[in-house]
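Trainee: missing the sequence, but the structure's below:
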């Protein structure tokens, strides 16, 4: 099980806010710490993985837990 160092509640936010808030929250973490992101925007399933790829972070998990219920784990690598 992955240790989560911070949880970002981005539920009820529309694109691009989940990514923008995730970027800010991840910068506050130390290298190798993990951010949990909770979202309800269906676009997050494409946006969060794309953001982690372009910024060089590690996407540990991208889960659709139910209708409009998404959870991501992102490890800060840089």
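Mentor: Done, it's in. Given the structure is predicted, the values throughout are model-derived calculations rather than measurements.
Trainee: So for the longest strand along the chain, what gets flagged as buried?
Mentor: Determined from DSSP state E, the single longest strand within the chain is strand 58-66. For strand 58-66, the neighbour count (16 or more other CB atoms under 10 Å) marks residue 62 as buried. From N, CA and C alone the C-beta is placed, and that goes for glycine too.
Trainee: how far does whatever helix or strand comes next after it sit from the chain's center?
Mentor: Downstream of strand 58-66, the next assigned helix or strand under DSSP states H and E is strand 69-75. In terms of CA atoms, centre = their mean, to the nearest Å, the centre of strand 69-75 is set 5 Å apart from its chain centre.
Trainee: now do stretch 63-78
Mentor: Using CA atoms, centre = their mean, the offset of stretch 63-78 from its chain centre is 5 Å.
Trainee: who touches that stretch?
Mentor: With CB atoms under 8 Å, 6 or more residues apart in numbering as the contact definition, stretch 63-78 has outside contacts at 2, 4, 22, 26, 29-42, 44-45, 48, 52, 55-62.
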